[in-house]
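>>> predicted structure and sequence below. I'll ask about it afterward.
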Number of protein chains: 2
Amino acid sequence: MTGSSPDRAGRATRRKRRPSGAVTIKEIAALSQVSSATVTRALQGHPRVRPETRARVERAAEALGYRPNHAARTLATGASKTIGLLLPSTGDRYWGEVVEGIEDAADDAGYSVLLATSHGDAARSRRMLDLLLSKRVDGMVIAARREVEEALTHAELPVALVRVGPDAELDDGDVEAVRTLPDDRLAGWLEGRRLGDLAPGVIGFDDVSAATLAVEHLVGLGHRRLAFVGAGNRRSAALRVAGFRQSTGRAGVESAAVVASSDRLADSHAAALDLLGAPERPTGIVAYDDMVALGAIRAARTLGLRVPEQVSVVGIDDIDVAAFLEPPLTTVRQPKREIGRLAAIALFEALGSGTPSPGRALRGELIVRGSTAPPPGHDAADEAR
Amino acid sequence: MTGSSPDRAGRATRRKRRPSGAVTIKEIAALSQVSSATVTRALQGHPRVRPETRARVERAAEALGYRPNHAARTLATGASKTIGLLLPSTGDRYWGEVVEGIEDAADDAGYSVLLATSHGDAARSRRMLDLLLSKRVDGMVIAARREVEEALTHAELPVALVRVGPDAELDDGDVEAVRTLPDDRLAGWLEGRRLGDLAPGVIGFDDVSAATLAVEHLVGLGHRRLAFVGAGNRRSAALRVAGFRQSTGRAGVESAAVVASSDRLADSHAAALDLLGAPERPTGIVAYDDMVALGAIRAARTLGLRVPEQVSVVGIDDIDVAAFLEPPLTTVRQPKREIGRLAAIALFEALGSGTPSPGRALRGELIVRGSTAPPPGHDAADEAR
DNA sequence: TTGTAAGCGTTATCAC
DNA sequence: GTGATAACGCTTACAA
């Protein structure tokens, strides 16, 4: 065979791939006089590496400014150490705080977070789900909303998954039942449905107990005529209504009305206007959330009613300006960060064990501020009962 | 040589790597009777592929439920189609909206977003920067804050980078100058510094013009005694003060005071209390941001002054409850989503061209609501001047 | 137009 | 305790 065979020539001219320019373990290997396998072992804290070898390798890595290439690692190990996050949006305060909790827990566990938003659209959800899967996330946290659930049923995702959010786990039939069931049967029905327990892999807010907390606060102050404003057709609204009806029934309040309205300010303002304009108006209002509470307060003001002296209002959520409103809003705080944290932790557990973690509904916390007080004509002595 | 040589036996028993289980181009290649190279070409819309081959490959991919492995692609191409995002936090409203804009633009351009938070800590910033680099992001958008800037100076990042945020591009010396420079020299100084133009690769908010917009609105309503509340030591605060002083000077208002306070409600409340308690109190207040405006409104109320009848207040930012406050807040809206969008777009341009994009300061928009009105004793005729 | 095979940077198996 | 080297799944230069 001739030295100048076409084969040899071809090899020689063949332009090798442009390297990324970044430092690789090969260079560390060369500098520290070991094989690349040893470099990996040394850098990963493998037990069977001679201490001085490890030291030499670490020094070389440091000197060269080595940064492991995660893409290569992912390819080799099959794990990306990244989780995906699919949310309706990140702009609104609710999700922003949840994300913070997730990011926090992920960081503690050595994971990164890849973001995707559905914008409430099923097709987009599906596309994003595919994208996250393509990027080989090890698991995902998704906001449990109808359009995403739909996308999920067609998917059968090959990764661990935790659902999170306020609107989880109550189907439409139940929503209807909550509204129409007679008072005396509601409590039993709620128990039977075990609404406090969420399905496996779902982390959410305990809507029922949140409303209960609000009612108990008002009843404790002496209120006997209560109303719930803001019963939209969301699952969370139905659950809060259920909690409201259940606890008012238990406390034997004289009158407990439920007034529908969306969570938009104008709607809740109008609804509260009707409610407070009636002759037998309630002295205490439990609002679906803080925005609805704002509408109710405004309605009271429109009617010349003072809050909290003549009407008490309690919200649910604790938005960040709640404390700065006039009056500062009494509300049931939703632990958003904590929900995020627990969702991420549940995901990592599932990742480890291979089985979905049990669902959890986190209880809110009553924050008493200035929008609630004893009802008119109620003297302090009664309060101590 | 014997058929049962140790070498052969070794090869035979050698357990190959566990495959990820996902569908690969090889399987598509097998099913569609072409080589894997052709599969790649077909799937990527490479021009020189026979249409029927392409169709066959696409059908096979579809049938098998193929999802490209981005880790492998990243390794092969050197581009991850992912950008990193380093922010102080995602929980607060400001960043949440910026993220939304970034995510949006990234999605349009075919990029994903990897999230990291600095929590305002330089060491953590550095760690996160390294992590993002390790994950081989193609570029990054980072919040331009002091601790991150510090981390950056020691880094010399090998990727394209855009900085975004309200606190950019004014150093401490300038902050001092803005406060102390006599009125008549301020305008010239501002021009000379070209504060409206941000450094290359920085997308921000035009703080100077925001304050100007607020002042001009108040002056247009007939106000002649103005004050700025909330001059903290942030760069954005200094720029807003500069804008305030510059425009009040230009308009020849009788008195233009600047009162320092943090952006916390209690502080701004106290500061405004002093200001409005004085005999020669201003009739119009420009607040550093909406929270400070809230504090000012509360202070006015504390003193029995009605807003807007006796005192007008204009904020900067337009937080989401601004419209629902009592009174609804007049403010200069900060285009957060847009800032995010432009930052991402600037990054992609830089990615394409290799050169940093020019900086941009986005102007706010005045939103007139209920917290501003002509000053007391000002009749409607004057307004038409 | 299509096939072959090298190469991206890492991990992990086997042999010594 | 260390070294060779196959493999992860994909892209791409070159040959055909």
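Yep, that arrived.
>>> so where do the strands sit in chain A?
Secondary structure of chain A (DSSP state E): strands at A:82-87, A:112-117, A:139-143, A:160-165, A:202-205, A:225-229, A:255-259, A:284-287, A:312-317, A:330-333, A:360-362, A:365-367.
>>> most tightly packed of the ones you listed?
Neighbour counts (mean count of other CB atoms under 10 Å in any protein chain shown) averaged over each of the strands of chain A peak at strand A:284-287, with a mean of 31. For every residue, glycine as well, the C-beta is placed using N, CA and C.
>>> run through who's touching stretch A:22-40.
Applying CB atoms under 8 Å, 6 or more residues apart in numbering or on different chains, the contact partners of stretch A:22-40 are A:42-43, A:46, A:49, A:53, A:56-57, A:59-61, A:63-67, A:69, B:158.
>>> filter those to the buried ones?
A:42, A:43, A:49, A:53, A:56, A:57, A:60, A:61, A:64, A:66, A:67, A:69 (16 or more other CB atoms under 10 Å in any protein chain shown).
>>> of the residues you listed, closest to chain B?
Taking CB to the nearest CB as the measure, chain B sits nearest to residue A:67 out of these, at 5.0 Å.
>>> and the residue of the stretch 151-300 of chain A closest to DNA strand D?
Closest approach between the stretch 151-300 of chain A and DNA strand D, counting by CB to the nearest atom of the strand: residue A:158, at 12.2 Å.
>>> give me the low-pLDDT residue ranges for chain A?
A:1-18, A:144, A:146-155, A:166-175, A:184, A:187, A:189-198, A:379-385 (pLDDT under 70).
>>> how does it divide up, domain by domain?
A:6-68, A:78-170+A:338-362, A:175-334+A:364-384 (automatic domain parsing).
>>> picking up where we left off before, show me which of the buried ones among the contacts of stretch A:22-40 neighbour DNA strand D.
Contacts with DNA strand D within those, as defined by CB under 7 Å from any atom of the strand: A:49, A:53.
>>> just the helices in the stretch 151-300 of chain A please.
A:172-180, A:183-193, A:207-221, A:235-251, A:265-277, A:290-302 (DSSP state H, counting those that start in this stretch).
>>> in CSV, list the ones you listed along with distance to residue B:101 and mean neighbour count.
Conversion of those to CSV gives the following (distance: least, CB to CB, whole Å; neighbours: other CB atoms under 10 Å in any protein chain shown):
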stretch, distance to residue B:101, mean neighbour count
helix A:172-180, 35, 16
helix A:183-193, 41, 13
helix A:207-221, 31, 24
helix A:235-251, 28, 24
helix A:265-277, 25, 19
helix A:290-302, 23, 25
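>>> which among those helices is found nearest to residue A:19?
helix A:235-251 (53.1 Å; CB to CB).
>>> can you state the direction angle for the closest one and strand A:312-317?
For helix A:235-251 against strand A:312-317, the angle by axes from the mean of the first three to the mean of the last three CA atoms, to 10 degrees is 140 degrees.
>>> who are the packing partners of helix A:235-251?
Counting contacts by 3 or more CB pairs under 8 Å, 6 or more residues apart in numbering or on different chains; DSSP states H and E, helix A:235-251 is packed against helix A:172-180, helix A:183-193, helix A:207-221, strand A:225-229, strand A:255-259.
>>> of these, which is nearest DNA strand C?
helix A:207-221 (43.7 Å).
>>> elements contacting the closest one?
Applying 3+ CB pairs under 8 Å, 6+ apart, we find helix A:207-221 packed against strand A:225-229, helix A:235-251, strand A:284-287, strand A:312-317, strand A:330-333, strand A:365-367.
>>> I'd like the buried ones among the contacts of stretch A:22-40 laid out as TSV, including distance to DNA strand C.
Output for the buried ones among the contacts of stretch A:22-40, formatted as TSV (distance: CB to the nearest atom of the strand, whole Å):
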residue	distance to DNA strand C
A:42	10
A:43	6
A:49	12
A:53	14
A:56	17
A:57	11
A:60	12
A:61	10
A:64	11
A:66	7
A:67	7
A:69	3
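>>> adding distance to chain B as columns, could you present the buried ones among the contacts of stretch A:22-40 in TSV?
TSV is the format used below for the buried ones among the contacts of stretch A:22-40 (distance: CB to the nearest CB, whole Å):
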residue	distance to chain B
A:42	18
A:43	13
A:49	22
A:53	24
A:56	22
A:57	18
A:60	18
A:61	13
A:64	14
A:66	10
A:67	5
A:69	6
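>>> among the buried ones among the contacts of stretch A:22-40, which are located in helices?
Under the assignment DSSP state H, the buried ones among the contacts of stretch A:22-40 contribute A:42, A:43, A:53, A:56, A:57, A:60, A:61, A:64 to helices.
>>> pull the most distant pair out of the residues you listed.
Using CB to CB, the pair of these lying farthest apart is A:53 and A:64, separated by 16.7 Å.
>>> what's near enough to touch residue A:348?
Contacts of residue A:348 by CB under 8 Å, 6+ apart are A:105, A:109, A:111, A:139.
>>> list buried residues within these.
Buried among those (16+ other CB under 10 Å): A:105, A:109, A:111, A:139.
>>> what is the residue lying closest to residue A:86 once chain neighbours are set aside paired to in the beta sheet?
Distances taken as CB to CB, 6 or more residues apart in numbering or on different chains put residue A:142 closest to residue A:86, at 4.2 Å, once the chain neighbours are dropped. Under DSSP bridges, the beta-bridge partners of residue A:142 are residue A:86, residue A:163.
>>> you'd agree residue A:142 is up against residue A:157?
No - at 9.4 Å, residue A:142 does not count as touching residue A:157 under the criterion of CB atoms under 8 Å.
>>> among the contacts of residue A:348, which are in helices?
residue A:105.
>>> dump the contacts of residue A:348 to JSON lines, plus distance to DNA strand C.
Listed next are those as JSON lines, based on distance: CB to the nearest atom of the strand, whole Å:
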{"residue": "A:105", "distance to DNA strand C": "23"}
{"residue": "A:109", "distance to DNA strand C": "17"}
{"residue": "A:111", "distance to DNA strand C": "16"}
{"residue": "A:139", "distance to DNA strand C": "18"}
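>>> ok, so of the contacts of residue A:348, who is nearest residue A:125?
residue A:139 (16.8 Å).
>>> distance check, that closest one against residue A:203.
To residue A:203, residue A:139 is 13 Å away according to CB to CB, to the nearest Å.
>>> residues shared between the contacts of the two?
By CB under 8 Å, 6+ apart, the residues touching both residue A:139 and residue A:203 are residue A:162.
>>> hmm, back to that, a markdown table for the helices and strands packed on helix A:207-221, including distance to DNA strand C?
Below are the helices and strands packed on helix A:207-221 laid out as a markdown table (distance: least, CB to the nearest atom of the strand, whole Å):
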| stretch | distance to DNA strand C |
| --- | --- |
| strand A:225-229 | 55 |
| helix A:235-251 | 43 |
| strand A:284-287 | 53 |
| strand A:312-317 | 44 |
| strand A:330-333 | 43 |
| strand A:365-367 | 43 |
